[in-house]
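Sharing a model that was predicted from the sequence below.
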Amino acid sequence: MGVIKGTTTFIGVIPFTELYERLLNLGRIDSPNNSDYAKGIINDSYTRTLPRVEDWEIVVKQGNIQTVPSYNTGTATVTVGSTSVTGTSTVWTSAMTVDAGYKIKFSGNRDIYTFEYVSAVSATISPSLSGPSDLTTRNYVVFKDEYELASDHDRFLKNGSVYVKSDGRLQDTLKEVPRDLFQEDYVVGPQDPIRRVRQSRVSTTTGAKMLQVNPPPSTQYNYPYDYIKKFSPMSEYSTGTVLVTNASTTVTGTDTFWASNISAGDYFRINANGIAESSVWYKIASVTDNTTIVLETAYGESTESLMEYAVCDSPEFPSEFHEFILYDGLVIVTGEQGDSNTAGFSARRDEILSDLKKNYKSRRTNVQFRIGDDGIRSGRYDREDDMSYRR
């Protein structure tokens, strides 16, 4: 493992560049042309496999949904085959849009339609009105049954995430249900509390995931929820060359554009001092401008100019997780090559995972890591519902 100069805080940290270089070496992928492939494998393990293996307590975040009361003041008129609705004594608002998750149900018509505000007394629906007859001055209800989740939401916890509380006490924990079951048990009329949830779509306005709830809420109510955050891929930057001075914390770049490409907290090394597990890393304290960075600790090697370098970030998970990312990647790349070392890498990965579960697992205790029958790809085996080998 490479060395990070500084306090013991950094013990076990493996920066991104070192992760993929070690993958290339241990996986015996010697061609430099495979660097992008190795980067992709490491980032896939980091952003997809690791966050989905377990409900890691350290990456669980909290969010809150505040439901919106249903609205049924006045009456509505719409003709068969039309998408235009005219209200009488209505005060529809600009917040009532399809993207925000609003829908409408007319009295005497069995279908539910999306609702798009046009004015206080006019709106459009989708699809067009169906049924045997026009609806004239009919009662109706407009409700919002889809709500934006946190912008960094990746997934809910396996054992349920949305909490129904009363007087501060937990009444129920709602699991996400599949689309078909959600529709099968769908309750049309607004009522409280909600009883089922599912991720429905992505907001076209903000890009956030949307949560559909049922029954549609009739009053304003708060529903806290837990979730696993979304991780962005790691990256590296190595454009230009640098001047490093022994015993100095200042690094000077030539043809570098650091201000918009690297950040404080990233890791810096001179490639000539070692790569892969021989790397000597320094944590960046600050980025002054495009050509100047400041290290947290003084540079300990000899003064050099025009040196090739690398700057990268590291996994957001604690350092104990970093080796799992490496060995999970090795299982994939060696398995694809039919390498005899796959079994050994798999055993090491599972050993690391077992240790991580003891310290960082949240909630469920019966989800075990499993290797597929071909010994190549990692997966999850759930003893509770016996759904074998899920990726």
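Noted; the coordinates are in hand.

got a list of what G81 touches?
For G81, the contacting residues are 128-129, by C-beta atoms under 8 Å, 6 or more residues apart in numbering. Just so you know, the C-beta spots here come from the backbone N, C-alpha and C atoms, and that holds for glycine as well.

how far away is it from S128?
Counting by C-beta to C-beta, to the nearest Å, the gap between G81 and S128 amounts to 5 Å.

Check V177 too.
When distance is defined by C-beta to C-beta, V177 is 30 Å away from S128.

Then T239?
The gap separating T239 from S128 is 56 Å, by C-beta to C-beta.

helix/strand/coil for G40?
Assigned state for G40: helix (three-state reduction, DSSP: H, G, I helix; E, B strand; the rest coil).

Tell me, how many residues neighbour it?
G40 is flanked by 13 other residues according to other C-beta atoms under 10 Å.

And it, how far from V59?
22 Å.

can you check V188 too?
To V59, V188 is 37 Å away according to C-beta to C-beta.

More neighbours: which of the two?
Relative neighbour count places V59 above the other of V188 and V59, with 21 against 14, counting by other C-beta under 10 Å.

List the contacts of that one.
For V59, the residues meeting the contact criterion (C-beta under 8 Å, 6+ apart) are 51, 228-229, 316-317.

Show the pLDDT at it.
pLDDT for V59: 91.

what's the answer for G372, then?
Reading off the confidence values, G372 has pLDDT 35.

try R383
R383 is assigned 32 on the pLDDT scale.

For L170, list the residues it contacts.
By C-beta under 8 Å, 6+ apart, the contact set of L170 is 163-164.

My assumption is that it lies in a strand; please confirm.
Yes. Secondary structure assignment (three-state DSSP) places L170 inside a strand.

Bridged to it, which residues?
Here L170 sits in beta bridges with K165, going by DSSP bridges.

how far away is it from W258?
Using C-beta to C-beta, one obtains 48 Å as the distance from L170 to W258.

again, but for T245
The gap separating T245 from W258 is 17 Å, by C-beta to C-beta.

So between the two, which is more surrounded?
In this comparison of T245 against W258, neighbours counted by other C-beta under 10 Å, the higher total goes to W258 at 23 against 16.

what about that one, distance to V287?
From W258 across to V287, the span is 5 Å (C-beta to C-beta).

anything in contact with each of those two?
With contacts defined as C-beta under 8 Å, 6+ apart, the residues shared by W258 and V287 are I293.

For the closest residue to R179 other than its chain neighbours, which residues count as its bridge partners?
Of all residues beyond its chain neighbours, the one nearest R179 is R198 (6.3 Å), with distances taken as C-beta to C-beta, 6 or more residues apart in numbering. Following DSSP bridges, R198 is listed with bridge partners Q212.

can I assume R198 is in contact with Q212?
Yes. Taking contacts as C-beta atoms under 8 Å, R198 lies within contact range of Q212: 5.4 Å.
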